[in-house]
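Engineer: let's see this in three dimensions:
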Amino acid sequence: MTCVAVTGFGVVSAAGLDRGAFGRSLFEGRSAVGDLMLPRSVGRHSFRAAQIATLPRRAADMAGEGRAYDRFSVLALLAAEEAIAAAGLDEADLAGEHTSVLLGTGIGGATAIDDSHYGIYAEQRRPDPLNIPRLMAHAAPALLSRRWGCRGTVLAVSSACASGAQAIGLGMGFIRAGLAERVLVGGSEASLTPAAMQSWRAMRVLTSTRCRPFSTARDGMVLGEGAAVFVLESEQSAQRRGAPILARLRGYGTTSDAGDLVRPDPEGAAAAIRAALADAALPPHEINHVNAHGTGTRLNDAAEAQALQAVFGANAARIPLSATKPIHGHALGASGAIELIATILALQHRSAPGTLGFEAGQGAFPLSISASNQPIDGAIGLSTSFAFGGVNAALIVDAPALASL
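Structural biologist: Numbers count the residues shown, from 1 in each chain. Presented below is the predicted three-dimensional model:
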């Protein structure tokens with residue numbers, strides 16, 4: 001199938017408010033996980049997460065009390081601004097029906113939901129008439145559409161932790177099918193709210209120590225927040241306007257387990273990876289790097305390892321693998337988009353970021369994982385996303401080597 005050009009991308013995360021800072025955190029192994037600051041307590045339990053400490057003033061004002069936008073929408077806007085600037089585009093280029101916006105989110109306006117419910121039930125406050133437009137899942141793509149005058153398709157994809165990856169895959173399809181000249185794609189999530197944290201705790205999937213994907217001692221995940229946005233266009237479109245092609249999306253695959261709501265199925269995950277390889281017309285041995293979903297939970301890591309072994313066989317132990325959630329947290333619906341940026345950065349610098357917290361001799365599976373950065377011998381990477389509801393997604397990307405961040 002036809003490759004799709006990535007001419008710009010941007011990220012905002014606790015690990016960095018732009019792609020340069022984010023990349024330095026990845027390659028220097030600096031975790032953004034810390035004590036979570038919540039607006040109110042629910043019970044006596046405290047939490048740790050990868051929380052964005054400070055937003056730019058204008059963004060903080062947009063997401064503040066009485067404003068029209070939830071935090072997840074503002075994060076998407078910040079990431080999109082960086083992506084569009086990197087692509088060398090402006091409003092005149094994006095305005096009109098030829099530009100679409102497809103963003104993934106697992107929850108949507110979680111802060112608006114939590115705050116409004118607390119205000120109504122606990123404080124007996126009058127409901128804010130802006131609650132509904134804040135919390136709707138497509139508030140973020142609608143904001144981007146409004147900001148740059150994009151009059152093509154505006155769509156929110158909500159499939160839990162596969163949302164961002166599926167939005168990117170759908171955007172690839174839009175470009176390939178000629179449904180849009182350019183597409184803004186990605187994911188955004190900001191759901192570190194009191195009720196959400198207590199609900200995750202009740203599921204017993206949060207780590208009580210630290211997130212250690214694929215380790216024998218792994219005991220759970222650590223949550224995060226953030227957004228990542230990409231500018232997609234055809235290679236011909238990028239070449240016509242002289243835009244640098246930062247990366248090329250080559251393959252996309254998505255499947256459903258059609259089984260348990262929360263227990264992952266290795267066969268479904270493997271099928272998504274195989275579908276991405278088939279879409280890219282690549283044999284498994286052409287993959288030079290894997291950015292794993294790697295949540296650090298007992299069930300997810302085991303299922304993902306089995307899927308990788310099923311697809312790559314003995315070669316799974318030789319492909320440099322990174323699991324980056326210990327650095328930026330699990331951003332749910334934004335994770336696939338954030339981790340695709342991590343994949344592109346790794347390929348650009350031919351270095352797989354170390355999996356923070358992984359200890360030699362503690363590997364639970366025959367995979368090529370290290371706490372230190374590993375060299376990558378090639379330009380092609382795989383990024384995986386697996387979600388509650390049995391949704392699986394895989395993206396294959398290539399990127400030319402760069403000299404530095």
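Engineer: who are the contact partners of the residue lying closest to Gly164 once chain neighbours are set aside?
Structural biologist: Distances taken as C-beta to C-beta, 6 or more residues apart in numbering place Gly187 nearest to Gly164, at 2.5 Å, with adjacent residues excluded. Where C-beta positions appear, they are placed from N, C-alpha and C, glycine not excepted. Gly187 sits next to 103-105, 163-165, 167, 227-228, 331, 333-338 when contact means C-beta atoms under 8 Å, 6 or more residues apart in numbering.
Engineer: and if we set it to 10 Å?
Structural biologist: Gly187 sits next to 72, 75-76, 79, 102-106, 140, 156-157, 161-168, 226-230, 331-340, 385 when contact means C-beta atoms under 10 Å, 6 or more residues apart in numbering.
Engineer: that's a strand at it, yeah?
Structural biologist: Yes. Using DSSP: H, G, I helix; E, B strand; the rest coil, the assignment for Gly187 is a strand.
Engineer: and the next element down the chain from the helix or strand of the chain with the lowest mean pLDDT?
Structural biologist: Scoring the helices and strands of the chain by mean pLDDT, DSSP states H and E places helix 57-62 at the bottom, with a mean of 70. Proceeding N to C from helix 57-62, the next assigned helix or strand is helix 71-86, under DSSP states H and E.
Engineer: mind listing the helices for the protein?
Structural biologist: 19-28, 57-62, 71-86, 91-94, 110-121, 131-135, 139-148, 163-176, 194-203, 235-240, 266-280, 298-312, 325-328, 335-348 (DSSP state H).
Engineer: lowest average pLDDT across those helices?
Structural biologist: Ranked by mean pLDDT, the helices of the chain end with helix 57-62 at the bottom, a mean of 70.
Engineer: what about the residue nearest the centre of the chain, distance to Gly389?
Structural biologist: In the chain, the C-alpha nearest the mean C-alpha coordinate belongs to Ser335, at 2.4 Å (C-alpha atoms, centre = their mean). In this view, Ser335 and Gly389 are 15 Å apart by C-beta to C-beta, to the nearest Å.
Engineer: Gly10 too?
Structural biologist: 28 Å.
Engineer: now do Thr355
Structural biologist: Distance, Thr355 to Gly389, using C-beta to C-beta: 26 Å.
Engineer: and if you look at Asp70?
Structural biologist: Distance from Asp70 to Gly389, by C-beta to C-beta: 23 Å.
Engineer: so for the two, which sits in the more crowded spot?
Structural biologist: Asp70 (31 against 15; other C-beta atoms under 10 Å).
Engineer: need the contact list for that one.
Structural biologist: For Asp70, the contacting residues are 62-63, 76, 105, 107-113, 115, 130-131, 133-136, 139-140, 143, 188, 190, by C-beta under 10 Å, 6+ apart.
Engineer: so how do I select the buried members of those residues in ChimeraX?
Structural biologist: This is how ChimeraX selects the buried members of the contacts of Asp70, with burial counted by 16 or more other C-beta atoms under 10 Å:
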select :62,63,76,105,107,108,109,110,111,112,113,115,131,133,134,135,136,139,140,143,188,190
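Engineer: run a quick neighbour tally on Gln362.
Structural biologist: Neighbours of Gln362 using other C-beta under 10 Å come to 15.
Engineer: okay, and the beta partners of the residue lying closest to it once chain neighbours are set aside?
Structural biologist: Nearest in space to Gln362, with sequence neighbours left out and distances taken as C-beta to C-beta, 6+ apart, is Ser215 at 4.6 Å. Assessed by DSSP bridges, Ser215 has beta-bridge partners Gly363.
Engineer: distance of Ser215 relative to Ala360?
Structural biologist: As defined by C-beta to C-beta, Ser215 lies at a distance of 10 Å from Ala360.
Engineer: looking at these two, which is more packed in?
Structural biologist: Neighbours were tallied for Ser215 and for Ala360 using other C-beta under 10 Å; the higher tally belongs to Ser215 (23 against 9).
Engineer: so what are the domain limits for the protein?
Structural biologist: As assigned by automatic domain parsing, the chain contains the domains 4-240, 252-398.
Engineer: start and end of the first one, how far apart?
Structural biologist: So the one you mean is domain 4-240. End-to-end distance for domain 4-240, by C-alpha to C-alpha, to the nearest Å: 14 Å.
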